[in-house]
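*Asks:* okay, sequence plus prediction incoming.
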Amino acid sequence: MIYAVWATPKIIHGGDLVQWTVRTSNDVTRVTAGIPAYEFNLQRRSSGRFWTAFRIPPDVPPFFRRDYRIVVTAFRGDGATTRASLTMRFQ
């Protein structure tokens, strides 16, 4: 089960460091996040806590500047999944 998803900053610009934190139930073994074209694994920091960070390149073309729906998926050891989403704005 996903309890909470945090993302900073809320509005992203070229060169920003983006951080995602996900709080889950203790039985979650893996968390992924992404947009339809790209998905990656978050690092497990401790039981029920997952995190990742990445830097946006400074020279992103203007046509990439829009809202993005990020889908977060939590996987349990028994194969069950839960999903949550958040919207991030790239300006």
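*Replies:* In hand now; what should we look at? Residues are numbered from 1 along each chain as shown.
*Asks:* give me the residues contacting stretch 45-57.
*Replies:* 3, 12-26, 28, 31, 33, 40-44, 90 (CB atoms under 8 Å, 6 or more residues apart in numbering). C-beta coordinates here come from the backbone N, C-alpha and C atoms, glycine included.
*Asks:* repeat for stretch 62-81
*Replies:* Defining contact as CB under 8 Å, 6+ apart, one finds that stretch 62-81 is touched by 1-2, 5, 7, 20, 22, 24, 27-36, 39, 82-91.
*Asks:* so for stretch 50-70, mean pLDDT?
*Replies:* For stretch 50-70, the mean per-residue pLDDT is 95.
*Asks:* list the buried ones in it?
*Replies:* Using 16 or more other CB atoms under 10 Å as the test for burial, stretch 50-70 gives 50-52, 70.
*Asks:* how far does it sit from its chain's centre?
*Replies:* When distances are taken as CA atoms, centre = their mean, to the nearest Å, stretch 50-70 is centred 11 Å away from the chain's centroid.
*Asks:* need the mean per-residue confidence for stretch 10-20.
*Replies:* Here the average pLDDT along stretch 10-20 is 95.
*Asks:* list only those of the contacts of stretch 62-81 flagged as buried.
*Replies:* Among the contacts of stretch 62-81, those classed as buried by 16+ other CB under 10 Å are 2, 5, 7, 20, 22, 24, 28, 31-33, 82, 84, 88, 90.
*Asks:* quick check: bridge partners of the residue nearest the centre of the chain?
*Replies:* For the chain, the residue sitting closest to the mean C-alpha position, by CA atoms, centre = their mean, is residue 33 at 4.2 Å. In this entry, residue 33 is beta-bridged to residue 40, residue 72, by DSSP bridges.
*Asks:* noted, bye for now.
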